[in-house]
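> this is the structure alone, sequence omitted:
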């Protein structure tokens, strides 16, 4: 694995070639915003999810009627990406199909991941190309983990997620990070734009999954000070919110998804997955998210 340094003014970042993953972002204010990783809690930083999002049924999907073994969240987060471009404030990585990957996903794909930083935030852009001569179903998502709390002397419970719209959406249940079993109304998040963070939300559930929320922007902020960050995930269909259950972990992931985990009792056909994109031969799909510091 190689690491690439980015800088813009007083802001810096580190990006890993393995997984094409942003591993650090320190804003001009001198504060780190990305979870540094801890194998006893969660070793990730900001994984790239491709070509599936979430768990599949028995670790498999069907494509054009044939079964393929594919891990949770796909294979991209474990792969070594190739450097395509590297400037002072950005880096672009590429992952291309190879024989081993086509055993899991039988297409000639190209996945581009580009990270660009500024003094007060960063963007991550995914571009998926279908270079096959057949239609290609694809899901893609982000999984950035943000430190929470961000400032000294704070607690996880001091923070809220402040959505841009009043939300009336159910939480999609995927117990233990597995398949979707149903939905529930969260008393803490019904007809409101504010979700108060508490580890008790995640301990019995694992992730919270909001499919098709009204909002496409959300703030992770200390409710008293208003400081934190804004997360923009327009063009994505769903938002996962996750902190490792039963760990009292000092981070929260804001996960923008085009795709969902498998539903219990579904067909297993990748073409039928919610929010899947079907790319025609030669077609591409571009989507991304941004983080902006509120300080």
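Thanks, I have the structure now. This one's a predicted model, so the numbers in the text were calculated from it and none came from an experiment.
> got the contact list for the closest residue to residue 191 other than its chain neighbours?
Closest residue to residue 191 apart from its sequence neighbours, by CB to CB, 6 or more residues apart in numbering: residue 168 at 5.4 Å. C-betas here are computed from N, CA, C, even on glycine. Applying CB atoms under 8 Å, 6 or more residues apart in numbering, we find residue 168 in contact with 190, 191, 214.
> right, and the second one touches residue 165 too?
No: because the distance of 11.0 Å does not satisfy CB atoms under 8 Å, residue 191 is recorded as not touching residue 165.
> the two: which is more packed in?
residue 165 (13 against 8; other CB atoms under 10 Å).
> please name the residues that touch that one.
So residue 165 contacts 193, 213, 214, 215 (CB under 8 Å, 6+ apart).
> what are the neighbouring residues in contact with the closest residue in space to the second one that isn't next to it in sequence?
Leaving aside its chain neighbours, residue 213 sits nearest to residue 169 (5.2 Å; criterion: CB to CB, 6+ apart). Going by CB under 8 Å, 6+ apart, residue 169 touches 210, 211, 212, 213, 214.
> now list the buried members of those.
Among those, those classed as buried by 16 or more other CB atoms under 10 Å are 210, 211, 213.
> any chance of the residues you listed in JSON lines, with pLDDT, secondary structure and distance to residue 145 too?
As requested, those are exported to JSON lines (pLDDT from 0 to 100; DSSP: H, G, I helix; E, B strand; the rest coil; distance: CB to CB, whole Å):
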{"residue": "210", "pLDDT": "97", "secondary structure": "strand", "distance to residue 145": "18"}
{"residue": "211", "pLDDT": "96", "secondary structure": "strand", "distance to residue 145": "21"}
{"residue": "213", "pLDDT": "95", "secondary structure": "coil", "distance to residue 145": "20"}
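> secondary structure of the residue nearest to residue 213: a strand, I assume?
No: remark: residue 169 does not belong to a strand; assigned using DSSP: H, G, I helix; E, B strand; the rest coil, it is coil.
> how close does it sit to residue 215?
Distance of residue 169 to residue 215, given as CB to CB, to the nearest Å: 9 Å.
> where along the stretch 1-150 of the chain do the helices fall?
Secondary structure of the stretch 1-150 of the chain, counting by DSSP state H, counting those that start in this stretch: helices at 99-102.
> any chance of the contacts of residue 169 in TSV, with distance to residue 255 too?
Listed next are these as TSV, based on distance: CB to CB, whole Å:
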residue	distance to residue 255
210	10
211	12
212	15
213	12
214	18
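> returning to what we had before: against residue 190, how distant is the residue nearest to residue 191?
Taken as CB to CB, the span from residue 168 to residue 190 is 7 Å.
> ditto for residue 230
Residue 230 sits 23 Å away from residue 190, going by CB to CB.
> among those two, which residue is more densely surrounded?
In terms of neighbours (other CB under 10 Å), residue 230 is the more surrounded of residue 230 and residue 190; the figures are 17 against 13.
> so how far is the helix or strand hosting that one from its chain's centroid?
Taking DSSP states H and E as the criterion, residue 230 maps to strand 228-232. In terms of CA atoms, centre = their mean, to the nearest Å, the centre of strand 228-232 is set 14 Å apart from its chain centre.
> sheet-wise, list the partners of the next helix or strand after that strand with their directions.
Later in the chain than strand 228-232, the nearest helix or strand by DSSP H and E is strand 238-242. The pairing partners recorded for strand 238-242 under DSSP bridges are strand 208-211 (antiparallel), strand 251-258 (antiparallel).
> partners of the next helix or strand after the first one in the sheet?
Looking back up the chat, that one is strand 208-211. Going down the chain from strand 208-211, the next helix or strand is strand 217-222, by DSSP H and E. Sheet pairing for strand 217-222, assigned by DSSP bridges, gives strand 159-167 (antiparallel), strand 228-232 (antiparallel).
> and those strands, which is most packed in?
Highest mean neighbour count of these: strand 228-232, a mean of 21 (counted as mean count of other CB atoms under 10 Å).
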